[in-house]
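In: Mind folding the following:
(chains A and B, ligands or ions: 4)
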Number of protein chains: 2
Amino acid sequence: MKISILGGTGNLGKGLAIRLDLAGFDVFVGSRKEEKAKKLAEEYNEVAEKFGGGGIIGVENEKAAKISDVSIITIPWEHAFETAGKLKNALSEKIVVSPLVPMRFENGFARYVEIDGSSAAEKLASILSESFVVSAFNNIPAKRFANLEEKFSWDVLVCSDDAKAKKVVMDVVNKIEGLRALDFGELKNSRIVERLTPMLINLARINNLKPLGLRFD
Amino acid sequence: MKISILGGTGNLGKGLAIRLDLAGFDVFVGSRKEEKAKKLAEEYNEVAEKFGGGGIIGVENEKAAKISDVSIITIPWEHAFETAGKLKNALSEKIVVSPLVPMRFENGFARYVEIDGSSAAEKLASILSESFVVSAFNNIPAKRFANLEEKFSWDVLVCSDDAKAKKVVMDVVNKIEGLRALDFGELKNSRIVERLTPMLINLARINNLKPLGLRFD
Ligand SMILES: C[C@@H](OP(=O)(O)OC[C@@H](O)[C@@H](O)[C@@H](O)Cn1c2nc(=O)[nH]c(=O)c-2cc2ccc(O)cc21)C(=O)N[C@@H](CCC(=O)N[C@@H](CCC(=O)O)C(=O)O)C(=O)O
Ligand SMILES: C[C@@H](OP(=O)(O)OC[C@@H](O)[C@@H](O)[C@@H](O)Cn1c2nc(=O)[nH]c(=O)c-2cc2ccc(O)cc21)C(=O)N[C@@H](CCC(=O)N[C@@H](CCC(=O)O)C(=O)O)C(=O)O
Ligand SMILES: NC(=O)c1ccc[n+]([C@@H]2O[C@H](COP(=O)([O-])OP(=O)(O)OC[C@H]3O[C@@H](n4cnc5c(N)ncnc54)[C@H](OP(=O)(O)O)[C@@H]3O)[C@@H](O)[C@H]2O)c1
Ligand SMILES: NC(=O)c1ccc[n+]([C@@H]2O[C@H](COP(=O)([O-])OP(=O)(O)OC[C@H]3O[C@@H](n4cnc5c(N)ncnc54)[C@H](OP(=O)(O)O)[C@@H]3O)[C@@H](O)[C@H]2O)c1
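Out: Numbering: from 1, shown residues only, chains lettered A, B, ... in the order given. Ligands and ions are numbered 1, 2, ... in the order given. The predicted structure follows:
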């Protein structure tokens, strides 16, 4: 399966690209600039090759979106909606994954930013009305995830209004070592999932812990 | 330290009474009826003795509240506020722990019940204005917790506006095997913590899992 990571040149994109590659998927790293995408893909492949992977390809975002069956948008929420609007046709009839968390830092504490009282995933779905939007990966600490030495057992809550798309994404999540997908119902429940992230960040800060993931057990 | 569990004759009270006893605290199980309290204390001691504990005492709620340094109110939220009102004097100047989760089941799914847009813990604090209210234990699945064969590693989020009381309760939590207390700031944050419980229950239902606790890792 071809999976593209749009804005895959940043924190969360790195871990996703490398770990999805190691899980056996065909991974395309997207960027606004093809050159940057190729450079980062090369860096990621250097890491992936140490673990028996490699073959990540860097391309411009729109091309990545067109090639792929599933696109994960790892762009800061302030810019993700505008990018999605531009890629609406390229993403039509495809599965789009939202790890977006609208958030602001105030005095070092994270605070959720309300978007029309709903969620970033729902806003994305309203823009990408011809795509199947699924929320996932919102509660993953990106830097630990990108570190291949890191051992973790994290749960990924997956929400969507399209049962088939949700199943596809849950299967993708479950192929990544250390992650377990949990079905959390309709896309509207992403409101709850996105709001967990500021809690995780603030808990880590108050208790002086490393960036935290979640496990239900 | 003397810890009373008001309404300690139910689901959550059982696990707390036995495990706090095993952790070395002087435990008083409270009930509306002294006779019922004594009967349940006897049952709990039978379990505790198998693990080297025992000595749990059953008394009427008001007496339990007066004797103790810390009182945990394990009464269904629909009745807990009225009970708290009656015990206001007995609980004055003492630490009171709220595990309360205002919740309703609709078509098998749990739904948080908004109380004046705040939390059950804050409502309790407004009634018990002379006590030090701390929220904790809201995300613990009671039946698994009451089963002494059960192995778990759960986090307990602790919120309070009184730093000293919060520290006391965190130390109590950390004495229970398998639990880790995490400081989650002011009492207002109990709004977030209480709302996690319907999520846990619904996740377990959707994914066909046993009742779930939480671990941040
Ligand atoms: C605390 C952190 O500082 P920072 O780089 O400014 O990062 C702060 C946060 O932005 C960063 O934690 C983000 O991942 C926060 N974050 C999100 N931040 C966002 O901006 N958007 C998100 O959607 C988001 C999601 C998210 C989900 C879970 C989670 O735990 C964190 C999340 C830090 O120190 N990072 C270290 C690495 C962290 C670390 O492991 N440090 C110690 C670890 C201590 C230990 O291991 O005990 C170490 O290096 O040994 C670093 O930058 O190298
Ligand atoms: C699902 C459950 O049914 P039930 O007894 O109606 O209980 C449903 C819920 O009320 C019960 O789970 C409550 O604890 C829910 N609950 C709360 N319920 C509340 O009413 N108020 C609360 O504040 C609350 C908090 C809470 C926090 C975490 C959490 O996970 C659950 C919480 C069930 O089957 N229970 C079994 C035990 C559960 C169990 O382990 N079953 C299987 C386990 C399956 C397995 O181990 O894989 C088994 O017995 O082997 C039983 O009644 O004996
Ligand atoms: N960081 C985390 O721990 C974490 C965890 C879970 C979820 N998330 C979510 O994942 C998303 C990405 O987070 P991140 O930390 O990975 O972000 P990031 O590293 O700051 O940025 C990712 C990429 O976004 C692209 N980008 C930046 N500005 C853009 C713009 N104006 N238009 C289009 N693309 C732009 C850049 O790619 P190019 O320059 O190559 O185009 C950049 O490399 C966010 O929505 C966040 O909420 C983050
Ligand atoms: N169940 C869970 O998994 C769980 C987990 C975390 C938190 N909690 C919270 O803990 C609290 C207790 O839950 P639970 O499941 O343990 O409750 P429960 O077993 O249904 O009831 C506990 C006790 O409350 C007392 N009680 C009942 N009605 C009362 C009334 N009208 N006035 C005074 N006392 C009354 C009863 O004691 P007497 O008859 O002996 O007086 C009863 O044994 C709830 O607020 C819940 O939200 C529960």
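In: Residue numbers of chain A in contact with ligand 3?
Out: Contact residues (CB under 6 Å from any ligand atom) of chain A with ligand 3: A:7, A:9-13, A:31-32, A:36, A:74-77, A:79-80, A:83, A:99-101, A:137-138, A:140-142. The way it works is simple: take the backbone N, C-alpha and C, and place the C-beta from them, glycine included.
In: Do a quick rundown of the strands in chain A.
Out: A:2-6, A:26-31, A:57-60, A:70-73, A:95-98, A:103-106, A:109-112, A:132-135, A:154-160, A:179-183, A:214-216 (DSSP state E).
In: I'd like to know which of the residues of chain A next to ligand 3 are buried.
Out: Buried residues within the residues of chain A next to ligand 3, defined by neighbour count using 16 or more other CB atoms under 10 Å in any protein chain shown: A:7, A:9, A:12-13, A:31, A:74-75, A:77, A:80, A:83, A:99-101, A:137-138, A:140-142.
In: Tell me the residues of chain A that contact ligand 1?
Out: Close to ligand 1, as judged by CB under 6 Å from any ligand atom, chain A has residues A:101, A:103, A:139-143, A:197, A:200-201, A:210-212.
In: TSV for those residues, including pLDDT?
Out: As requested, the residues of chain A next to ligand 1 are exported to TSV (pLDDT from 0 to 100):
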residue	pLDDT
A:Val101	98
A:Met103	97
A:Asn139	98
A:Ile140	98
A:Pro141	98
A:Ala142	98
A:Lys143	98
A:Thr197	98
A:Leu200	98
A:Ile201	98
A:Lys210	98
A:Pro211	98
A:Leu212	98
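In: As a markdown table, the residues you listed with distance to ligand 2 would be great.
Out: A markdown table is the format used below for those (distance: CB to the nearest ligand atom, whole Å):
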| residue | distance to ligand 2 |
| --- | --- |
| A:Val101 | 24 |
| A:Met103 | 26 |
| A:Asn139 | 18 |
| A:Ile140 | 23 |
| A:Pro141 | 24 |
| A:Ala142 | 28 |
| A:Lys143 | 30 |
| A:Thr197 | 21 |
| A:Leu200 | 18 |
| A:Ile201 | 23 |
| A:Lys210 | 25 |
| A:Pro211 | 25 |
| A:Leu212 | 19 |
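In: Quick one: residues contacting the residue nearest the centre of chain A.
Out: In chain A, the C-alpha nearest the mean C-alpha coordinate belongs to A:Pro99, at 4.0 Å (CA atoms, centre = their mean). A:Pro99 makes contacts with A:Leu12, A:Ile72, A:Ile73, A:Thr74, A:Ser135, A:Ala136, A:Phe137, A:Asn138, A:Ile140, as judged by CB atoms under 8 Å, 6 or more residues apart in numbering or on different chains.
In: could you dump these to TSV with distance to A:Gly24?
Out: Formatted as TSV, those follow (distance: CB to CB, whole Å):
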residue	distance to A:Gly24
A:Leu12	20
A:Ile72	16
A:Ile73	22
A:Thr74	20
A:Ser135	23
A:Ala136	18
A:Phe137	18
A:Asn138	24
A:Ile140	20
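In: which of those residues come close to ligand 4?
Out: Counting by CB under 6 Å from any ligand atom, no member of the contacts of A:Pro99 reaches ligand 4.
In: Now the two most distant members of the residues you listed.
Out: A:Ile73 and A:Ile140 (14.4 Å; CB to CB).
In: Identify the bridge partners of the residue of chain A found nearest ligand 2.
Out: When distances are taken as CB to the nearest ligand atom, chain A reaches nearest to ligand 2 at A:Phe216, 8.7 Å away. As for beta bridges, A:Phe216 partners with B:Leu214 under DSSP bridges.
In: Surely it is in contact with A:Leu182?
Out: Yes - the pair A:Phe216 / A:Leu182 is scored as a contact, 6.6 Å apart, by CB atoms under 8 Å.
In: what do the two both touch?
Out: A:Asp155, B:Leu203.
In: can you tell me how far A:Val113 sits from A:Ile57?
Out: 34 Å (CB to CB, to the nearest Å).
In: Between those two, tell me which one has more neighbours.
Out: Between A:Val113 and A:Ile57, counted using other CB atoms under 10 Å in any protein chain shown, A:Ile57 has the larger neighbour count: 20 against 14.
In: show me what contacts that one?
Out: A:Ile57 touches A:Asp26, A:Val27, A:Phe28, A:Val29, A:Ala41, counting by CB under 8 Å, 6+ apart.
In: Among those, which one sits closest to B:Asn61?
Out: A:Val27 (60.8 Å).
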